[in-house]
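Trainee: quick check, what structure comes out for this input:
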Amino acid sequence: MKRIFTYFMQGVVLVAPIAITGYIIYIIFDLVDGLLRSVLEKWLEISIPGLGLLVIFVLLTLLGILGQYIVTNPFKKIWERILKEAPLLKVIYSSLVDLFSAFVGKEKKFNSPVLVCINKENNLWKIGFITQKSLEELEMPGLVGVYFPHSYNFSGELFLVGSSSVQKLNMPPAEAMKFIVSGGVTRVN
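Mentor: The predicted model follows:
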């Protein structure tokens with residue numbers, strides 16, 4: 001009986017991540033597809049699964065094209081005037097813009113995974129990403145900015161560490177992030 005329970009638990013460990021991932025993808029798909037489902041069903045008089053998602057994708061792509069060429073500059077000037085009047089809003093907005101551009105923008109910031117010695121006495125190391133190669137403008141020569149994502153979370157900490165305590169990792173940034181966020185459970189390819 002104990003052996004059967006062990007096999008059952010191994011089956012759960014194998015199937016649960018796939019099933020949960022599939023369920024989350026289904027929920028997101030259904031949620032996004034459902035945003036326009038009733039409108040499209042009334043308009044077309046038929047129900048096509050995924051059509052709402054396709055329409056939203058096309059509309060957002062067109063909006064991105066329009067925004068890039070028509071809206072961006074005038075809107076940017078108005079937005080900059082608003083931000084000058086509200087300094088707290090400027091801090092929040094610029095931080096969010098920097099964070100999103102670090103992950104998906106043209107200037108991805110988390111592309112240099114490193115290993116940092118946090119405690120030499122106990123040989124304690126932490127994996128992070130260099131975000132600033134020099135802190136001279138902060139009058140901190142010899143220091144670099146290293147971002148340490150938290151495991152099982154989408155937050156992290158920024159440490160300013162001596163460049164001599166930092167070792168470059170020979171691994172893709174996506175693998176390093178996956179390893180950190182999974183708490184070290186995910187295998188590195």
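Trainee: residues contacting the one helix or strand residue 129 maps to, please?
Mentor: Per DSSP states H and E, residue 129 falls inside strand 124-132. Contact partners of strand 124-132, identified using Cβ atoms under 8 Å, 6 or more residues apart in numbering, comprise 102, 109-118, 144-149, 158-159, 166, 169, 173, 176-177, 179-180. All C-beta atoms are positioned from the backbone trio N, CA, C, and that covers glycine.
Trainee: list the strands paired with that strand, with their directions.
Mentor: Sheet pairing of strand 124-132 (DSSP bridges) gives strand 113-119 (antiparallel), strand 143-149 (antiparallel).
Trainee: the protein: helices as residue ranges?
Mentor: Ranges of helices in the chain, per DSSP state H, are 2-44, 51-66, 72-85, 87-104, 173-181.
Trainee: among the contacts of strand 124-132, name the buried ones.
Mentor: Neighbour counting over those (16 or more other Cβ atoms under 10 Å) leaves 102, 109-110, 112-116, 144-149, 159, 166, 169, 176-177, 179-180 as the buried ones.
Trainee: worst-scoring helix or strand of the protein, pLDDT-wise?
Mentor: When each helix and strand of the chain is scored by mean pLDDT, DSSP states H and E, helix 87-104 comes last, with a mean of 67.
Trainee: for this protein, which residues score under the pLDDT cut-off?
Mentor: For the chain, applying pLDDT under 70 flags the ranges 71-72, 87, 91, 95-110, 152-154, 182-189.
Trainee: got the domain ranges for it?
Mentor: 1-85, 113-181 (automatic domain parsing).
Trainee: okay if I get those as JSON lines plus distance to residue 94?
Mentor: Below are the domains of the chain laid out as JSON lines (distance: least, Cβ to Cβ, whole Å):
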{"stretch": "domain 1-85", "distance to residue 94": "8"}
{"stretch": "domain 113-181", "distance to residue 94": "15"}
